[in-house]
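**Q** Sequence and predicted model, in that order:
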Amino acid sequence: MTAIKHALQRDIFTPNDERLLSIVNVCKAGKKKKNCFLCATVTTERPVQVKVVKVKKSDKGDFYKRQMAWELRDLTEVDAKDANKENPEFDLHFEKVYRWVASSTAEKNSFISCIWKLNQRYLRKKVEFVNVSPQLLEELPKAEESVPSGESQIVAGGDEDALDDYQELNAREEQDIESMMEVCEYAISNAEAFAEKLSRELQVLDGANIQSIMASEKQVNILMQLLDQALAEVDNIEGKLLSYEEMLQSVKEQMDQISQSNRLIQISNTNNGKLLDEIQFLVNYMDLSKGHIKALQEGDLSSPKGIEACINASEALSQCMNVALKPGHEKLMAVKQQQHLFSELRDAFARRLTNHLNNVFVHQFNHFSHFKMSIPQFYRSSCLSLPGHDQSSTLSQHTAELTLPKHSPLHRDLLRYAKLMEWLKNTQREKYEGLSRTYVDYMTRLYEREIKDFFEVAKIKMAGTSKDGKGKFATLPRKESALKQETESLHGSSGKLTGSTSSLNKLAVSSSNSRRSQSSSLLDMGNMSASDLDVADRTRFDKIFEQVLSELEPLCLAEQDFISKFFKLQQNPTLAQGENVDDSDGAVHSRPPSEQRHSISEKDMVRMMMNKIFQSIETELNSLIALGDKIDSFNSLYMLVKMSHHVWTAENVDPASYLSTTLGNVLVTVKRNFDKCISGQIRQMEEVKISKKSKVGLLPFVTGFEEFAKLAEAIFRNAERRGDLDKAYIKLIRAVFNNVEKVANESQKTPRDVVMMENFHHIFSTLSSLKISCLEAERKEAKQKYTEHLQSYVINSLGQPLEKLNHFFEGVEARVAQGVREEEVSYQLAFNKQELRKVIKEYPGKEVKKGLDNLYKKVDKHLCEEENLLQVVWHSMQDEFIRQYKHFEGLINRCYPGSGITMEFTIQDMLEYFSSIAQSH
């Protein structure tokens, strides 16, 4: 190892002005053994820099190379792993932890000792040494530590031989040497003579020192005598001190007794202070004032001041009863008496408060129920408008105006007791729950009456009875009163409607003054003679339905807000973890019961109370929806839009509210009715039968789809559930397409192309005017089908006016297709020039005009007047005729060149024929 050390010093560190102090042969822990050396070095120049250098032997030779170096000031920790057992492993913590395994424990200990000494001298002990044996961490001599850093600091340990060979001069020694060298002229030029001179002077000084020591013997003897006298004096002083000590011992015993007495007095004072604190604590926190006791026993629960006094007293009582007593307090008789007093006050006040609130509930219920009237009574009263009848808050006038009574006065009166209800909830849970049940029972009966009467009026108004008695039923014959009787029979029922749409449709009558069928379809909408009546009916229905929802919404929100405030039930504005909203119909579904909490949360209590109080709302809404669907199946469009908007509004206010949940469930029914309506229209399309004796024209469900789309676009403008309408559009338009083709194939009186052309032209016009984005592909398809069948009808019809000429040139084209050259066609017997002239003579201009006139009349018989396509078809025939004429002329020029054969009428003649025929009709 010494040879390696000298080699490293010579080859690596000397060229860099560094001195090698310690070396250890190591390899990295946990990896293949690739040995290297860790070296501790210092620079020879100031300021001194201390480094740890990693040196590795080259793979290609015996020389060493410097691989990595770390400043010692970057070292934070040295971990020797075990201070008691020999272990070659150790860690150095620089910017990261380096784990090493030394070749021997001795080398590791020597290296760590050197690092410790360098740390002591240069780093002011900044490095932390962990699991290092105390023997390795030796303190440096004080003389060495006193030497200033940077002047003569030399590392002890490591390489002892190297350190003994060199000792740095201090500043004073350097000055002395420089002064001696300045006195001697040949100090530099002749060092040996200078050294001899110094040696001689040193011998002279040694001799002088010896003589001085020998001359001072007398003074030494005198000094010894003085020391003997001093020792005697010390013995005398020690004797006196012993006597003083004996006297002080008795004083010490007396002071100990005094100290013991003072300590007992201090303990007694401390105990008295703690006892006083405990008594003060109990007096402060377990004492209820007489005013509070009187308020709890006799306080007026009807006046605002009395309620405020009772609230303050109940809060003070709760603080006294809930005070955190320290261990042992409950054993005190005074504490037991106070707790017993508090319990009696709490129970008595809870009974008094419960009885008072029960009386308030009964009084308010009787007040609101006093003006309860039957539907015929309040309806008559609202129609007669008796003078002096000014009960604006009564149920009759509210319901006659299709409004629900407001319970804000009741809520305002009861909210004064909200803090007392909170106190009752925290102290007497059973009485609190009993009051909750009592309130729910009374309000359930009150709301059930009001809501039932409210919905009865809404149903009568929907069915056609208005406040002035001039409704739809006034125009019905006596035998049609079944619908009115069926509607009025709903009074007093649970709100469920039975029967199907078809049963209501049977009420239609055949007389001219009778009301049309209550159920609508695309077939009915095709005949819009009663359009004004339909618009008026649906507009009134839309207003009534919107009024119903607008009245229910604030009623439910106000009641839920009151319940949460009065009964102190906090609600979470977001959906519970166990709930999710179905995007298809907006219904709220819950997790299985096994996944719900065992204890009922406050939000669940609010929901249970609201479900109990308004248990009739969902049933009545479903009944109203069923009636609206019976009156007119297209009312489901209005209901879907209105219900979706109110569900969206309710979810924005509070997604977990009773209103949001209930309206979401009802929205499912509305969506099903809407889907049922669409399916019914499709089914009626498929069941359409056409007359075999008359022309088809525009199919009723095609014009009906146009009216349906216009109605739906007006209803669903800016609606939240536009996607439902788009899906319905797709289903309806595909059904229209399929059934148009079906009717066209079955048509006997009208050509198939005419049926397809007229109906798809109407569909294309409808979709183009409405600009429904989801039907853009169907619009293009309708245009394509219209164009194709128009062209097909024109081509098939034009083959008849020049029938023989068409057949002749078809034969010519067939010969050319078989390989006969065009100029050789005239040599064919059946297609020579004579045959061509014969065929052309059969079609003079007059004959052509006559054929075109007959064609116009035939086309006019095929086409219907509603779509007004006659001129379009006639113009297309003109273009096709001209195209055929030019085609015939081209064949004559190519197949009969130089023959001079031409048609007996020109293109200009044809234009005049078409124009005159169109004008004459």
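**A** Nice, I can see it.

**Q** mind listing what's buried in the helix or strand harbouring Asp347?
**A** Taking DSSP states H and E as the criterion, the element that holds Asp347 is helix 333-369. For helix 333-369, burial by neighbour count (16 or more other CB atoms under 10 Å) applies to 335, 338, 342, 345-346, 349-350, 352-354, 356-357, 360-361, 364-365, 368. Every C-beta, even on glycine, is put in place using the N, C-alpha and C of the backbone.

**Q** Kindly report the same for stretch 316-334.
**A** 316-318, 320-321, 329.

**Q** Which one of the residues you listed is nearest to Glu182?
**A** Using CB to CB, His329 comes nearest to Glu182 of these, at 94.4 Å.

**Q** And for that closest one, nearest residue in space, chain neighbours not counted?
**A** In space, and not counting its chain neighbours, His329 is closest to Val335: 5.4 Å by CB to CB, 6 or more residues apart in numbering.

**Q** Which strand in the chain has the most residues?
**A** Using DSSP state E to define each element, the chain has its longest strand at strand 18-28.

**Q** So for that one, mean pLDDT?
**A** Confidence over strand 18-28 (mean pLDDT, whole number) is 91.

**Q** Restricted to helices, list the buried residues of stretch 316-334.
**A** Secondary structure from DSSP state H places 316-318, 320-321 of the buried residues of stretch 316-334 in helices.

**Q** after the longest strand of the chain comes which helix or strand?
**A** Past strand 18-28, further along toward the C-terminus, the next helix or strand under DSSP H and E is strand 36-43.

**Q** Contacts for that next one next, please.
**A** With CB atoms under 8 Å, 6 or more residues apart in numbering as the contact definition, strand 36-43 has outside contacts at 4, 8, 13, 17-27, 48-57, 64, 67, 72, 100, 111, 114-115, 118, 155, 158.

**Q** Now list the buried members of the residues you listed.
**A** In the contacts of strand 36-43, the ones that pass as buried (16+ other CB under 10 Å) are 8, 13, 18-27, 48, 50-55, 64, 72, 100, 111, 114-115, 118, 155, 158.

**Q** before we move on, back to that, turn the buried residues of stretch 316-334 into TSV, including distance to Leu767.
**A** As requested, the buried residues of stretch 316-334 are arranged in TSV below (distance: CB to CB, whole Å):
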residue	distance to Leu767
Ala316	76
Leu317	76
Ser318	72
Cys320	79
Met321	77
His329	87
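
**Q** Report the two of those residues separated the most.
**A** By the measure CB to CB, those have their two most distant members at Ala316 and His329, which lie 19.2 Å apart.

**Q** if we can go back for a sec, the residue nearest to His329 reaches Leu282, doesn't it?
**A** Yes - if you go by CB atoms under 8 Å, Val335 and Leu282 touch, sitting 6.6 Å apart.

**Q** Now the common contact residues for those two.
**A** Residues touching both Val335 and Leu282 (CB under 8 Å, 6+ apart) are His329.

**Q** need the strands for the protein, in chain order.
**A** Using DSSP E, the strands found in the chain span residues 18-28, 36-43, 50-57, 64-71, 77-79, 89-93, 97-102, 128-130, 579-581, 588-590.

**Q** Would you reformat those as JSON lines and include distance to Val872?
**A** Output for the strands of the chain, formatted as JSON lines (distance: least, CB to CB, whole Å):
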{"stretch": "strand 18-28", "distance to Val872": "94"}
{"stretch": "strand 36-43", "distance to Val872": "99"}
{"stretch": "strand 50-57", "distance to Val872": "97"}
{"stretch": "strand 64-71", "distance to Val872": "94"}
{"stretch": "strand 77-79", "distance to Val872": "98"}
{"stretch": "strand 89-93", "distance to Val872": "95"}
{"stretch": "strand 97-102", "distance to Val872": "92"}
{"stretch": "strand 128-130", "distance to Val872": "101"}
{"stretch": "strand 579-581", "distance to Val872": "52"}
{"stretch": "strand 588-590", "distance to Val872": "55"}
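
**Q** so which of those gets nearest Ala187?
**A** The closest approach between Ala187 and any of these, judged by CB to CB, belongs to strand 18-28 at 29.0 Å.

**Q** Determine how far stretch 651-658 lies from the middle of the whole chain.
**A** A distance of 16 Å separates the C-alpha centroid of stretch 651-658 from that of its chain, computed with CA atoms, centre = their mean, to the nearest Å.

**Q** Check which residues of it are buried.
**A** For stretch 651-658, using 16+ other CB under 10 Å, the buried residues are 651, 654-658.

**Q** from these, which single one is nearest Phe914?
**A** When those are compared for distance to Phe914 (CB to CB), Glu651 wins out at 65.0 Å.

**Q** Setting the sequence-adjacent residues aside, check what's closest to that closest one.
**A** The shortest distance from Glu651 to any residue other than its chain neighbours is 5.0 Å, reached at Ser660 (CB to CB, 6+ apart).

**Q** Tell me how many other residues crowd the one you found.
**A** Applying other CB atoms under 10 Å, we find 25 other residues in the vicinity of Ser660.

**Q** Over to the one 3 residues further on?
**A** When counting by other CB under 10 Å, one arrives at 29 neighbours for Leu663.

**Q** Show the contacting residues for Ile279.
**A** Taking CB under 8 Å, 6+ apart as the criterion, Ile279 is in contact with no other residue.

**Q** ok, now the one 10 residues further on?
**A** Each residue near Ser289 by CB under 8 Å, 6+ apart is listed here: Ala316.

**Q** show me where the stretch 701-850 of the chain has helices.
**A** Listed from the start of the chain, the stretch 701-850 of the chain has helices (DSSP state H, counting those that start in this stretch) covering 722-746, 752-770, 776-798, 803-817, 833-841, 845-862.

**Q** what does the third one contact?
**A** Helix 776-798 is touched from outside by 730, 733-734, 737, 751-754, 756-757, 760-761, 763-764, 767-768, 772, 855, 858-859, 872-873, 876-877, 880-881, 884, with contacts defined as CB under 8 Å, 6+ apart.

**Q** Now it: average pLDDT?
**A** Helix 776-798 shows an average pLDDT of 86 in the prediction.

**Q** how much does it deviate in direction from helix 752-770?
**A** Relative orientation of helix 776-798 with respect to helix 752-770: 150 degrees, computed using axes from the mean of the first three to the mean of the last three CA atoms, to 10 degrees.

**Q** Can you give me the buried ones in helix 776-798?
**A** Taking 16+ other CB under 10 Å as the neighbour-count basis, helix 776-798 is seen to contain the buried residues 778-779, 781-783, 785-786, 789-790, 793-794, 797-798.

**Q** Give me the angle between it and helix 845-862.
**A** An angle of 140 degrees separates the directions of helix 776-798 and helix 845-862 when computed by the same axes, to 10 degrees.

**Q** Contact partners for Phe914?
**A** Neighbouring residues of Phe914 by CB under 8 Å, 6+ apart: 852, 874, 877-878, 881.

**Q** what two of those residues have the greatest distance between them?
**A** Pairwise distances across those (CB to CB) peak at 10.3 Å, for the pair Trp874 and Phe881.

**Q** circling back: which of the contacts of Phe914 sits closest to Val670?
**A** The shortest separation between Val670 and any of the contacts of Phe914 is 49.7 Å, and it belongs to Trp874 (by CB to CB).

**Q** number of nearby residues for the residue nearest to that closest one when sequence neighbours are not counted?
**A** Setting aside the residues directly before and after it, Trp874 is nearest to Ala918 in space (CB to CB, 6+ apart), at 5.8 Å. Counted with other CB under 10 Å, the burial measure for Ala918 works out to 14 neighbours.

**Q** mind listing what Ala918 touches?
**A** With the criterion set at CB under 8 Å, 6+ apart, Ala918 makes contact with 856, 871, 874.

**Q** With Tyr186 instead?
**A** Listed by CB under 8 Å, 6+ apart, the contact partners of Tyr186 are 193-194.

**Q** Could you check the pLDDT of it?
**A** The model reports Tyr186 with a pLDDT of 78.

**Q** now do Phe473
**A** pLDDT, the model's per-residue confidence, is 27 for Phe473.

**Q** And for the one 3 residues further on?
**A** Note for Leu476: predicted pLDDT of 30.
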